[in-house]
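*Asks:* Compute the structure for the input listed below.
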Amino acid sequence: MKIKHFLQTLGPGILFASTAIGVSHLVQSTRAGAEYGFGLVGFIIAANLFKWPFFEFGSRYASATGESLIDGYQKISPWFSRLFLGINLVSMFFVNAAVSLVAAGFLQNLFNIEMAPAYFFVPSILLLLTSFLFLALGRYSLLDSGIKIIGSFMVVTTLLAFFIALANGPKAPTQNFSIFAQLTPHSLPFVIALMGWMPTAIDASTWNSLWTIARIKQSGYKPTVKESVFEFNIGYWISAILSICFVVLGAFLLFNTGNTLPDNNVAFATGVVNLYATQLGSWTFLIIAAAGFSIMLGTCIGAMDGYARSTARVIAVMRNQEEKKSDYLLWLVLITFGGMLVITFFMASFNQLIGLATTISFLIAPIIAILNYKLIFSQHLTKKQQPGEAMRWLSIAGIGFLFLFSFVLIYFNWFK
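*Replies:* All right, here's what the predicted structure looks like:
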């Protein structure tokens with residue numbers, strides 16, 4: 001691939017990675033290491049591997065057809081579009097509320113903001129409004145440019161902290177670091193929540209297809225399927241590698257030390273930033289705090305854009321009408337206010353909101369996976385545009401993996 005063409009293609013994969021390196025990494029992966037050592041590494045690797053095809057299909061389909069996955073759902077069956085709309089409506093408010101709450105914790109940590117309990121919801125709501133204004137005024141161009149800067153900064157600081165942690169070794173005795181340590185049936189709810197957003201929710205595959213189309217319009221260059229898939233895979237596997245880095249940081253610095261990460265967004269953010277500062281030196285506290293807040297702000301903006309963009313698109317497709325700019329803005333407004341209501345209701349329980357949002361994502365993941373599989377191996381793509389047999393079998397295994405854990409979750413929650 002020519003460097004010029006790669007730079008013209010670059011964007012959707014990096015945007016995906018930056019959106020993914022939010023709650024699933026900063027919160028869930030760090031907590032996994034802190035509470036279970038390396039006991040959940042296998043689950044994290046499995047989630048990244050088995051979800052990979054369904055995310056890759058977003059870039060593949062958009063590049064091959066010039067349309068989003070959402071347009072493809074409608075072509076196969078109008079019921080698929082209705083199903084996707086229902087999934088969006090169920091998850092969008094919880095997801096945006098969860099990421100805004102985490103981002104608010106990093107914001108308060110960065111600027112050392114203390115608030116009375118009655119006003120704890122204010123920073124989260126301000127971040128929802130900030131994300132709304134950012135997208136309403138700048139849309140994809142500003143999103144693309146800002147995320148590249150934010151994401152690069154976070155990757156560098158995370159890798160630096162990771163290698164220093166490896167060099168220094170774990171704080172607890174090394175004999176405690178069995179790969180299967182601390183796993184019990186009671187671990188299941190957290191394992192499901194962890195995999196639900198690892199690296200992110202599968203419905204974000206539709207966002208990636210929409211971002212691919214937006215990037216083509218912005219750059220004026222239509223990449224080949226191979227170029228789009230290559231660009232996406234770079235972002236995806238950077239995200240996957242960083243998820244392991246966060247587990248290691250949590251495990252090396254907190255596991256079996258007697259210290260825990262609290263169930264409070266501000267205190268949690270402070271704890272995560274302190275993990276980095278412990279390794280890199282106290283002088284880096286402000287730098288790391290700024291990086292943590294920046295990446296969470298990027299996640300807030302990316303998630304709001306993805307849900308607003310995909311919901312506006314699926315409704316336009318269902319109505320067989322041209323999509324209007326006002327449709328996108330309308331959903332930005334609805335997501336902002338819906339997120340505010342969820343934050344107000346769940347403000348007292350940080351972990352409960354994160355767990356609920358990620359569990360919802362996991363339960364709907366098999367449905368999206370089947371839709372993407374059915375579409376990508378349909379007559380709408382040529383054999384050359386479709387992935388090879390290895391990816392086909394991996395996607396089938398991925399669907400089985402997602403259904404298995406969904407059934408396990410349902411069993412333990414309703415029948416156990």
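
*Asks:* What is the end-to-end distance of stretch 276-288?
*Replies:* End-to-end distance of stretch 276-288 (C-alpha to C-alpha, to the nearest Å): 7 Å.

*Asks:* can you tell me the average pLDDT over that stretch?
*Replies:* Averaged over stretch 276-288, pLDDT sits at 75.

*Asks:* now swap in stretch 365-384 and tell me
*Replies:* For stretch 365-384, the mean per-residue pLDDT is 91.

*Asks:* Quick one: distance of it to the chain centre.
*Replies:* 21 Å (C-alpha atoms, centre = their mean, to the nearest Å).

*Asks:* in the stretch 51-200 of the chain, what spans have low per-residue confidence?
*Replies:* The stretch 51-200 of the chain contains residues with pLDDT under 70 at 116-120, 138-144, 172-183, 185.

*Asks:* which helix in the protein runs the most residues?
*Replies:* helix 121-168 (DSSP state H).

*Asks:* the helices in the stretch 1-150 of the chain, which residues?
*Replies:* Assigned by DSSP state H, counting those that start in this stretch, the stretch 1-150 of the chain shows helices spanning 3-9, 12-20, 30-36, 41-65, 69-76, 78-111, 121-168.

*Asks:* Mind checking the ones you listed for the one nearest to Val317?
*Replies:* helix 69-76 (4.6 Å; C-beta to C-beta). The way it works is simple: take the backbone N, C-alpha and C, and place the C-beta from them, glycine included.

*Asks:* which residues are in contact with that closest one?
*Replies:* Residues outside helix 69-76 that contact it (C-beta atoms under 8 Å, 6 or more residues apart in numbering) are 57-58, 61-62, 65, 80-81, 83-84, 205-206, 209-210, 310, 313-314, 317-318, 371-372, 374-375, 378, 380.

*Asks:* I'd like to know which of those residues are buried.
*Replies:* 57-58, 61-62, 65, 80-81, 83-84, 205-206, 209-210, 310, 313-314, 317-318, 371-372, 375, 380 (16 or more other C-beta atoms under 10 Å).

*Asks:* Can you classify Asn256 as helix, strand or coil?
*Replies:* coil (DSSP: H, G, I helix; E, B strand; the rest coil).

*Asks:* And the one 3 residues further on, by the same measure?
*Replies:* Under the three-state scheme (three-state DSSP), Asn259 adopts coil.

*Asks:* which SSE is Asn372 in?
*Replies:* Using DSSP states H and E, Asn372 sits in helix 350-376.

*Asks:* Downstream of that helix, the next helix or strand is which one?
*Replies:* Helix 350-376 is succeeded, C-terminally, by helix 389-410 (DSSP H and E).

*Asks:* tell me the mean pLDDT over that next one?
*Replies:* Mean predicted confidence for helix 389-410 is 90.
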